[in-house]
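>>> Mind looking at a prediction? Sequence and model below.
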Amino acid sequence: MEKREGSVIKTILIIIGAVAAVAGIAYAVYRFFICDDYDEFDEDFYFDDDDIADLLEEDGVEEDK
């Protein structure tokens with residue numbers, strides 16, 4: 001009986017290890033293919049104070065100074 005219990009525990013640990021290995025490989029592939037160009041982000045996307053003032057003038061809103 002004790003031999004069977006050890007076999008069940010061993011099988012469960014092997015399954016958990018296999019799932020962890022597949023998850024680790026999937027995460028590594030994900031990190032390899034993900035686009036991480038955050039340092040090269042286009043700064044023209046951000047508005048500066050002159051752009052905001054121009055937009056407010058176009059909408060007819062007066063800016064508080």
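Looks like it arrived, so ask away. Note that this is a predicted model, so its numbers are computed, not measured.
>>> how near is Ile12 to Arg4?
13 Å (Cβ to Cβ, to the nearest Å). C-beta coordinates here come from the backbone N, C-alpha and C atoms, glycine included.
>>> now do Leu56
78 Å.
>>> More neighbours: which of those two?
Between Leu56 and Arg4, counted using other Cβ atoms under 10 Å, the more crowded position is Leu56 (13 against 8).
>>> now the one helix or strand the more buried one maps to: mean pLDDT?
Element membership of Leu56, judged by DSSP states H and E, is helix 49-59. Mean per-residue pLDDT for helix 49-59: 68.
>>> got it, and stretch 4-12?
Stretch 4-12 carries an average pLDDT of 88.
>>> Any buried residues in whatever helix or strand Ala20 lives in, and which?
In this assignment (DSSP H and E), Ala20 forms part of helix 2-33. By neighbour count on 16 or more other Cβ atoms under 10 Å, the buried set for helix 2-33 is empty.
>>> With that, I have no additional questions.
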